[in-house]
Each structure stands twice: as C-alpha cells, then as structure tokens.
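In: my questions are about this predicted structure, shown below with the sequence.
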Amino acid sequence: MRRLVLWDIDHTLIDTRGVGRELSATAFEEVTGQPMRQQAKIDGITEAVIFRETAKLHNMTTDRGDFERFAAALSAQHVRHAGRLRERGHALAGAAAALDALAAAGVQQTVVTGNVRGAAEIKLGVFGLDRHIQWDGGAYGEDADLRPGLVEIALTRSATAASDAVLIGDTPADIEGGLATGVRVIAVATGRTAAEDLKAAGAHVVLQDLTDTDRLVELVTARTEHTAA
C-alpha cells in the first residue's frame, strides 16, 4: 500500500498572521498600479481566482498574463520578506511532528494549495516544514482555479490513485476538492471553519488540530475509511 498525503498550507500547517495579505497587496499594486483597497474572499480559494475577483472589486478586468505577472511578483515578495513572515507567522501546533511522523511511516507528502508555488515553498521553508514535501508532485494556485482540478493534477503528477491518497485541510473548499475526486479527507479545525461545519461539509474525519500524531498516522495509513469525529 502506497499512501500519499495532499496537504493544504494556510491554517492547516501555518498561520502567516496577516503577512500573506500584506505581500499580496504589494504585488497587486505592483502589477495593476492601484492600491489594493479590499480583497476578495480567500479561504480555500486559489490565487488565480483571488486576483481576478479582487481586480473586479477595483473595476478592473484582468487576463492570464496579468495573473502570471502577479504570481511572479507575489513569489518575489515572499522571497524578499521571508524574514517578516518568520518573525510574525508561525507553524501550527503539531505540524512539524505530523510531517515527521508521516514520513517515518513511509507516507509520501506533497501539497494541494491555492498558493502559487513560489510562495508555497517560502511559506513552508521559513518554518522548517518543507523537508518531507515532494514539490513536483503537488498542485498550486497557478495550475487550476478550483480545488477538484488541483487534486486531480496532484494525483497525476504523483502517479497516485485517488484511493491511495488522503487530503488534509481546514476549509469546505478542501473537502470539496477531495470528495469530488474520490480522495479521503481529514479536516482540521485550525482555521476559520468550526469542526461541526467541516463535518457537515462531508469530511471523513475532523480533528481539532494536528497534535495527536499517532492518531493522524493511524488515520492516514488505515485501509478503511473512518467516520468523522
């Protein structure tokens, strides 16, 4: 049995404590020439959609080229301000131990994230959470607009069947991505969505956080699905 974990990043493994939005605002102004007065909904949404919808809030229409310039600017901002991210953000409780324990159990790990890849690598790297991540097998905010598409891309890149994968995330969008592709979902109530709402959204398992590493490894490596708890 070959298991693959598809990790969400923000509010599942880390919390940037507002730094991510600040860097997004700087990149937005750099690309569009306008200050970002407001931002579209971000929970569980990909950067491509956030950029497009945020531009609409500023009465602008954008195309793929605009987004690609934004993605490059956003990645550069994360590289330039990695120190600020490290100082103000933090890894969530149990994240490092969970990654280590799954690796020790022989589980392969990658990410399915709305972040563009350059930002994703910096976000995990500054907190030392990148050592077990197989980056080329993941899917990122520049790859597809919606989570189901990202999950499908990650499964293809990782050469893994949906039945052998487990998605771990904190939003209903993460759950939708897993359910739509036949991937088992472990939701963690470490973001803005309450445990009962994650359960109602269809997560197979709901955990309060990642601190019980033994249970997490058991859930990921189990051959049968677990009910939400």
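Out: Perfect, thanks for sending it. Numbering: from 1, shown residues only.
In: show me how the record splits the protein into domains.
Out: Here the domain parsing of the chain from automatic domain parsing is 4-16+90-221, 19-86.
In: export these to TSV and append columns for mean pLDDT.
Out: Shown next, in TSV, are the domains of the chain (pLDDT from 0 to 100):
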stretch	mean pLDDT
domain 4-16+90-221	98
domain 19-86	96
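In: out of these, which is the most enclosed?
Out: Greatest average neighbour count among the domains of the chain goes to domain 4-16+90-221 (a mean of 21), per mean count of other C-beta atoms under 10 Å. Every C-beta, even on glycine, is put in place using the N, C-alpha and C of the backbone.
In: end-to-end on it?
Out: End-to-end distance of domain 4-16+90-221 (C-alpha to C-alpha, to the nearest Å): 9 Å.
In: check the offset of it from the chain's centre.
Out: Centroid separation for domain 4-16+90-221 versus its chain: 6 Å, with C-alpha atoms, centre = their mean, to the nearest Å.
In: can you offset everything so residue one is 56?
Out: Let's use 56 as the start, then, which means that last one is domain 59-71+145-276.
In: could you pull up the residues touching Thr87?
Out: Counting by C-beta atoms under 8 Å, 6 or more residues apart in numbering, Thr87 touches Ala110, His113, Met115, Thr117, Asp121.
In: can you give me the helices for this protein?
Out: Counting by DSSP state H, the chain has helices at residues 74-87, 102-112, 119-135, 137-143, 150-159, 172-180, 202-213, 227-236, 250-255, 268-276.
In: sorry, back to before: ok, which pair from the contacts of Thr87 is furthest apart?
Out: By the measure C-beta to C-beta, His113 and Asp121 form the most distant pair in the contacts of Thr87, at 12.2 Å.
In: could you dump the helices of the chain to CSV with distance to Leu68?
Out: Output for these, formatted as CSV (distance: least, C-beta to C-beta, whole Å):
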stretch, distance to Leu68
helix 74-87, 13
helix 102-112, 17
helix 119-135, 15
helix 137-143, 13
helix 150-159, 5
helix 172-180, 7
helix 202-213, 16
helix 227-236, 12
helix 250-255, 16
helix 268-276, 12
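In: of all those helices, which lies closest to Ile64?
Out: Between Ile64 and these, the tightest spacing by C-beta to C-beta is seen for helix 172-180, at 5.9 Å.
In: pull the residues that contact the closest one.
Out: With C-beta under 8 Å, 6+ apart, helix 172-180 has contacts from 64-65, 68-69, 71, 75, 78, 102, 126-127, 129-131, 133-134, 137, 140, 144, 166, 168, 170, 185, 188, 190, 193, 195-197.
In: equivalent analysis for stretch 269-279, please.
Out: With contact meaning C-beta under 8 Å, 6+ apart, stretch 269-279 is reached by 56, 58, 60, 153, 156-157, 160, 162, 221, 241, 260, 262, 265, 281.
In: Ala220 against Val162, yeah?
Out: No: using C-beta atoms under 8 Å as the test, Ala220 is too far from Val162 to be in contact (10.3 Å).
In: what touches both of these two?
Out: Counting by C-beta under 8 Å, 6+ apart, the contacts common to Ala220 and Val162 are Arg58, Leu59, Val60.
In: which ones are touching the first one?
Out: Looking back up the chat, that one is Arg58. Contacts of Arg58 by C-beta under 8 Å, 6+ apart are Gly161, Val162, Gln163, Asp219, Ala220, Val221, Val275, Thr276.
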